[in-house]
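Q: Have a look at this fold, sequence not included:
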């Protein structure tokens, strides 16, 4: 049954993307900021339709009063391909996501991807530095960014893998607060081991309290990273 449902989900994914492709194409002519913001909003509409038609309900919870402080750096756990649609579903404002360069080669989807994310080649130090520079310029234009601090899927069996420094170094260098989000159910809806494991149900998104960088010195990347990791790990365990 999950196999049939997964095929349906993939076909629906593709059909909705093709229907919206003209809108993505037009938006791509309006530049990195205006065009990128428009593309993000189209992606949010796509996610709304796709998840609704799949019977995946997405309740959003805030464990503290929602902060309007912007821009910010969104970070989340990463354990499923469903994490990507969840980003554009639950963050209802344009952001720029740091994403793997390899995804840009996927037919049709790749066009949208190239225009919607900041690509990074993790194996190339020069390209990594270029991606960081772009992310900082995005923040300077008052647009938030999104980074998976684990880098890749967490297949360790623990709530969280160790974090890379990137998001936290950018936060301290630009004085930008960190907004952690948890996706505790995406792996239940679509397991990282198989794209044919998809199933309907609840897929929660939980906003944790925003972490201000004003309490940290510019050289305390490791402490900020550790503090955010500890907060996210504790709450992931509590949400299981």
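A: That came through fine. In this text the structure is predicted, and so the values were computed from the model without any measurement.
Q: Find the centremost residue of this structure, please.
A: residue 87 (4.5 Å; C-alpha atoms, centre = their mean).
Q: State the mean pLDDT of the strand or helix carrying it.
A: According to DSSP states H and E, residue 87 maps onto helix 83-90. The pLDDT scores in helix 83-90 average 96.
Q: Please pull out the lowest mean pLDDT helix or strand from this protein.
A: helix 109-116 (a mean of 76; mean pLDDT, DSSP states H and E).
Q: what helices or strands is it leaning on?
A: helix 2-27, helix 36-54 (3 or more C-beta pairs under 8 Å, 6 or more residues apart in numbering; DSSP states H and E). (Each C-beta comes from the backbone N, C-alpha and C, glycine too.)
Q: now the last one and helix 2-27, what's the angle there?
A: The reference is to helix 36-54. 160 degrees (axes from the mean of the first three to the mean of the last three C-alpha atoms, to 10 degrees).
Q: Residue 203 contacts residue 187, correct?
A: No: the criterion here is C-beta atoms under 8 Å, and residue 203 misses it with residue 187 at 9.9 Å.
Q: Tell me which of those two has more neighbours.
A: residue 203 (26 against 21; other C-beta atoms under 10 Å).
Q: so where is this protein shaky, pLDDT-wise?
A: Low-confidence segments of the chain, defined by pLDDT under 70: 108.
Q: Please work out which residues outside the least confident helix or strand of the chain touch it.
A: With contact meaning C-beta atoms under 8 Å, 6 or more residues apart in numbering, helix 109-116 is reached by 17, 21, 24-25, 27-28, 35-36, 39-40, 43, 97, 99, 103-104, 106.
Q: repeat that with 10 Å
A: Under the contact criterion C-beta atoms under 10 Å, 6 or more residues apart in numbering, helix 109-116 has outside partners 13-14, 17, 20-21, 24-25, 27-28, 32, 35-36, 38-40, 42-43, 46, 84, 88, 94-97, 99-106, 119.
Q: Buried subset of those residues, written for ChimeraX?
A: To isolate the buried ones among the contacts of helix 109-116 in ChimeraX, judged by 16 or more other C-beta atoms under 10 Å, type:
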select :13,17,20,24,27,28,32,35,36,38,39,40,42,43,46,84,88,94,95,96,97,99,101,104,119
